[in-house]
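Participant: Structure of the sequence below:
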Amino acid sequence: MSDEVLVVTGGGSGIGRAVVHLAAQRGWRVAVLDLNSAHATAVADEALTLGSERAYAMACDVTSESSVAEAFAETQVALGPLTGLFTSAGIERSSFAHEMSLESWQHVLDTNLTGTFLACREALRSLVASPRRASLVLCSSPASYVAYAAGAASSYSASKGGVSALVRTLAVDYARYGVRVNAVVPGATETPLMWANTDPKDRERMHEVIKTEVPLGRLADPEEPAEAVLWLLSNQSRYVTGSHLVVDGGILAKASISF
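Facilitator: Okay, here's the model as predicted:
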């Protein structure tokens with residue numbers, strides 16, 4: 001029986017779902033929080049079949065302070081005190097800055113950055129009140145380091161840059177409590193978010209672009225960045241905090257200019 005209790009926001013699909021699956025295979029208790037309650041329930045059921053001792057699903061809107069607080073309170077009643085958190089909930093709205101509405105800008109930051117903060121805050125309140133070993137892993141992006149060549153990602157890049165800054169600050173502030181805080185930096189990954197702003201008829205062309213632009217020549221499977229998340233959550237990374245683990249197929253290592 002494992003003592004690990006993992007909370008995953010955005011756990012109903014994509015990398016969050018893959019993290020739940022891997023944690024379940026290790027026998028961890030898992031809480032799947034997602035805006036879509038049906039998706040959350042389905043993934044929690046999958047976790048039970050994969051080996052999780054207990055799995056809990058709950059609809060959670062990470063942009064809502066009360067929704068996040070309620071989800072974390074109910075999770076700890078159902079599963080016990082958390083030892084790990086992965087913040088996977090996120091959206092992208094492609095638009096050039098001069099064409100972007102304030103509403104669209106705010107929605108991306110509310111979800112990706114403020115939603116991450118709210119989840120971390122609830123976890124940290126519990127951990128500070130009753131100090132115990134714990135690991136928080138936040139989901140950043142190559143967009144926090146470089147601009148996308150295709151452009152139109154100002155709100156997404158700003159939100160993920162904020163997440164990366166938050167990682168460093170929380171890591172220093174909460175090390176004294178035995179809490180480690182790190183980020184995973186996934187590159188192009190086969191998830192619903194990857195195709196959120198792509199017309200279905202353009203997907204084949206995009207796959208060809210990815211083969212050219214990504215040094216490893218393909219999209220990641222969600223399990224690949226998820227394995228990095230599990231390492232950061234595990235005791236194997238016990239001396240790692242304030243760091244970013246890049247899982248991007250070589251994107252950040254590549255210069256865009258050919259000589």
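Participant: Can you verify my assumption that residue 224 contacts residue 245?
Facilitator: No - the pair residue 224 and residue 245 does not pass the contact test of Cβ atoms under 8 Å, sitting 11.6 Å apart. Where C-beta positions appear, they are placed from N, C-alpha and C, glycine not excepted.
Participant: wait, what's in contact with the spatially closest residue to residue 141 that is not a sequence neighbour?
Facilitator: Leaving aside its chain neighbours, residue 141 sits nearest to residue 160 (4.0 Å; criterion: Cβ to Cβ, 6 or more residues apart in numbering). By Cβ atoms under 8 Å, 6 or more residues apart in numbering, the contact set of residue 160 is 112-113, 140-141, 143-144.
Participant: Tell me where the stretch 1-150 of the chain has strands.
Facilitator: Ranges of strands within the stretch 1-150 of the chain are 5-9, 29-34, 55-59, 84-87, 134-139, based on DSSP state E, counting those that start in this stretch.
Participant: Just give the strands next to the last one in its sheet, each with its orientation.
Facilitator: It stands for strand 134-139. According to DSSP bridges, strand 134-139 forms sheet pairs with strand 84-87 (parallel), strand 179-186 (parallel).
Participant: Give me the average confidence score over that strand.
Facilitator: For strand 134-139, mean pLDDT rounds to 98.
Participant: From the rest of the structure, what touches it?
Facilitator: In contact with strand 134-139 (Cβ under 8 Å, 6+ apart) are residues 15, 82-88, 90, 116, 120, 123-124, 127, 163, 166-167, 170, 178-184, 186, 229, 232-234, 237.
Participant: now that strand and strand 5-9, what's the angle there?
Facilitator: Angle between the axes of strand 134-139 and strand 5-9 is 20 degrees (criterion: axes from the mean of the first three to the mean of the last three Cα atoms, to 10 degrees).
Participant: any idea of the mean pLDDT in the next helix or strand after strand 134-139?
Facilitator: Note on strand 134-139: by DSSP states H and E, the next helix or strand toward the C-terminus is helix 154-174. In this model, helix 154-174 has a mean pLDDT of 97.
Participant: and residue 249, what is it in contact with?
Facilitator: The contact partners of residue 249, by Cβ under 8 Å, 6+ apart, come to 187-188, 214-218, 220.
Participant: what about the nearest residue to it once chain neighbours are set aside, how many residues close to it?
Facilitator: Distances taken as Cβ to Cβ, 6+ apart put residue 216 closest to residue 249, at 3.9 Å, once the chain neighbours are dropped. By other Cβ atoms under 10 Å, 14 other residues sit near residue 216.
Participant: gap between stretch 134-145 and the chain center?
Facilitator: 7 Å (Cα atoms, centre = their mean, to the nearest Å).
Participant: how many neighbours does residue 210 have?
Facilitator: 18.
Participant: That one and residue 156, how far apart?
Facilitator: 18 Å (Cβ to Cβ, to the nearest Å).
Participant: next one: residue 101
Facilitator: Counting by Cβ to Cβ - residue 101 and residue 156 are separated by 15 Å.
Participant: more neighbours, those two?
Facilitator: Neighbour count, other Cβ under 10 Å: between residue 101 and residue 156, residue 156 has more, with 24 against 10.
Participant: Just give me the neighbour total for the nearest residue to the more buried one once chain neighbours are set aside.
Facilitator: Using Cβ to Cβ, 6+ apart and skipping the chain neighbours, the partner closest in space to residue 156 is residue 92 (4.7 Å). For residue 92, the neighbour count with other Cβ under 10 Å is 20.
Participant: ok, residue 92 touching residue 157?
Facilitator: No - between residue 92 and residue 157 there is no contact under Cβ under 8 Å: 9.9 Å.
Participant: what about residue 93, how many residues close to it?
Facilitator: Residue 93 has 19 neighbours, counted by other Cβ under 10 Å.
Participant: show me what contacts it?
Facilitator: Residue 93 neighbours (Cβ under 8 Å, 6+ apart): 100, 104, 107-108, 155-156, 197.
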